[in-house]
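Peer 1: sequence and predicted model, in that order:
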Amino acid sequence: ALVARSLQSLARRRNLNKNVWRAHFERVVAVCDQADADGAVRVLNACTRAPVPCGHIISPFVERLRRLLPQCSVKHLAIAANALARLNVRDDIVTDMSRELRSKFHKCTPVQASLIASAFARLRVVDRVLFGHLIPTYVEDRAWRVK
């Protein structure tokens, strides 16, 4: 978890030192199998800002996240969906995330809901259950908040 946080810190500071990124990537790939949902999401999100190629990091962490989807919070799913869209990952994980979101979408904040909808739109993924029923119901339930 500490390595993932350190990598995320690099991304937040928009550090462009390629050697530092490569060193962090070496450390993070070594602990991929130990990553929890939060760590996997942090790594994928950091990859969206990496100044060096990181395909060798993305693949194992996408697979790790796939195994951890049932343990992911809505926050994790929203951030992961956004990261996957930014990385243009059109993998089976997107379908798996969509299925996972069906049971958790009611817990979304408005920001998380919009992030998920935007990510799926960018990936051109249409889940009729998620987007045809859950999102309209979600918006209807929260419409009283908007004036």
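Peer 2: That came through, no problem. Numbers count the residues shown, from 1 in each chain.
Peer 1: got the domain boundaries for this protein?
Peer 2: Annotated domains of the chain cover 1-70, 72-147 [automatic domain parsing].
Peer 1: okay, those in CSV with mean pLDDT next?
Peer 2: CSV is the format used below for these (pLDDT from 0 to 100):
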stretch, mean pLDDT
domain 1-70, 95
domain 72-147, 86
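Peer 1: save the ones you listed as TSV, and put in mean neighbour count too.
Peer 2: All C-beta spots, glycine's among them, are computed from the backbone N, C-alpha and C. Output for these, formatted as TSV (neighbours: other Cβ atoms under 10 Å):
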stretch	mean neighbour count
domain 1-70	17
domain 72-147	16
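Peer 1: run through the helices of this structure in chain order.
Peer 2: 2-12, 18-30, 37-47, 55-68, 74-86, 92-104, 110-122, 128-129, 135-142 (DSSP state H).
Peer 1: so how far is the shortest one from its chain's centroid?
Peer 2: When you say that, I think you mean helix 128-129. Chain-centre distance of helix 128-129: 20 Å, with Cα atoms, centre = their mean, to the nearest Å.
Peer 1: contacting residues around it?
Peer 2: Contacts to helix 128-129, defined as Cβ atoms under 8 Å, 6 or more residues apart in numbering, come from residues Arg102.
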